[in-house]
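K.L.:
Have a look at this fold, sequence not included:
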Ligand SMILES: Cc1ncc(C[n+]2csc(CCOP(=O)(O)OP(=O)(O)O)c2C)c(N)n1
C-alpha cells in the first residue's frame, strides 16, 4: 500500500457541516457507481463504464475546495468528478442510458459527460486528453481576469502522454491558474504503474518549476485541507500546481474487468478494509462526536432513495428522436 504523505493530523480544522457534506458527496458517488454496475450487469446500459469506487475522497475533497464556476476537466473514470462538482444524478443516468434528458442529450455516454453550468468542461476518453482543455480554460480565466481556477484530473497513465508536458511548460511560463491532479490508483489498465512510469512522479512537474506535493487520497480531510491551501495560492496568482493523490480503485479497470488476475485479491481486501475513504471519514465523525451512527445511516438511506429515483427517471425518459441523430455531432 502507498504511504500517506499528509496525515490528517496536520490538517487545519474543518467544520462539521462541511464534513457531513463531504460524507454525503462520497456516499452519492459510491451509490451512483453501484447502480451503474447494476445497470451494466443487467444489460440495461449500452457500452462500458469505468467505476470510481474507492477513489471518492479525491474528487470530493478537491471539489469541496472549489467554487461552482471554477473549472474541472475529467477522464474516462469521470462520474465521481462530475457528481462532486455538482451534476445531478438523474441527468447523468439519463446520459448513460442514451436518453434525451442526459447532459449530452444521450449522445455522449459515460466517457463524455460535460456540465458547463457546474464548471465541468467534460470527461475525456483519450488518456491525458483533457490537459490541454484545462490549461486553455486557465489561460482564458487569467486573461479575462475572472479569478477562476482550473483543475485537471488525470490518472497516472496520462504521465506517458506528451501533451501533459507541453501544457505544464506553458502553464509555468505564463503563470496560469491550473492545478494538475494526478490520481494514482496504482494501475494503468492491467499494468502496475511501476512498469509504465519511470522515476519519481513528483520529479516531473518539478522539472518545470511547478510546485508539487502528494496527499493520502483515501483521507478526504487531508485531500480537502491540502487542496484548499493550493487553490487559495493558485487563485491568488502563484501559477500552476501539481497534486499527486495516492488512491486505489476497488473494481476492475472497467465494469467488464471482473477477474482482475493482474493484482492480488489480498491487496484489494486490504485497501477496502483499512483504507476505505467513506469508512475513514465516518469513523472520524463518530469518534469526534460530530454525528452519530443513526444520523449517518439516515444519510445513506436518503441518498439510496435519491439514486433509486434518479435511475427510475432515466429508465422512463425518452430516447432522442431519430431525426436528431446528426445534431450535436462535430467530428
Ligand atoms: C491516448 C490513449 N491511449 C490509450 C487509451 C486506452 N486506455 C484507456 S484507459 C487506459 C488506462 C488509463 O490509466 P490511468 O490514466 O492510470 O487511469 P485509471 O484508469 O487508472 O483511472 C488506457 C491505456 C486511451 N483511452 N487513450
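P.N.:
Sure, I can see it. Owing to the predicted nature of the structure, the values given are computational and were not obtained by experimental measurement. Numbering: from 1, shown residues only.
K.L.:
tell me what the longest helix along the chain is packed against?
P.N.:
Of all the segments of type helix in the chain, defined by DSSP state H, the longest one is helix 16-41. In terms of contacts (3 or more Cβ pairs under 8 Å, 6 or more residues apart in numbering; DSSP states H and E), helix 16-41 is packed against helix 56-64, helix 79-84, helix 89-96, helix 220-235, helix 277-287, helix 293-316. Backbone N, C-alpha and C define where each C-beta goes, glycine included.
K.L.:
Can you point out the buried residues in it?
P.N.:
19-20, 22-33, 35-37, 39-40 (16 or more other Cβ atoms under 10 Å).
K.L.:
again with stretch 175-186
P.N.:
By 16+ other Cβ under 10 Å, the buried positions in stretch 175-186 come out as 176-186.
K.L.:
Same question for stretch 130-150.
P.N.:
Result for stretch 130-150 [16+ other Cβ under 10 Å]: buried residues 130-139, 141-142, 148-150.
K.L.:
farthest-separated two in these?
P.N.:
130 and 142 (18.2 Å; Cβ to Cβ).
K.L.:
Would you confirm that residue 153 contacts residue 63?
P.N.:
No: applying Cβ atoms under 8 Å as the test, residue 153 and residue 63 come out as separate, 9.7 Å apart.
K.L.:
hey, what's in contact with both of the two?
P.N.:
Residues touching both residue 153 and residue 63 (Cβ atoms under 8 Å, 6 or more residues apart in numbering): 72, 81.
K.L.:
how about the buried residues of stretch 175-186 in TSV, adding distance to residue 95 and secondary structure?
P.N.:
What follows is the buried residues of stretch 175-186, written out as TSV (distance: Cβ to Cβ, whole Å; DSSP: H, G, I helix; E, B strand; the rest coil):
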residue	distance to residue 95	secondary structure
176	30	coil
177	29	coil
178	26	strand
179	26	strand
180	26	strand
181	23	strand
182	26	strand
183	22	strand
184	27	strand
185	24	coil
186	29	coil
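K.L.:
and which of the residues you listed is nearest to the ligand?
P.N.:
Nearest to the ligand among the buried residues of stretch 175-186 is residue 185, at 4.8 Å by Cβ to the nearest ligand atom.
K.L.:
The ligand contacts on this protein?
P.N.:
50, 76-77, 125-127, 155-158, 185, 187-189, 253 (Cβ under 6 Å from any ligand atom).
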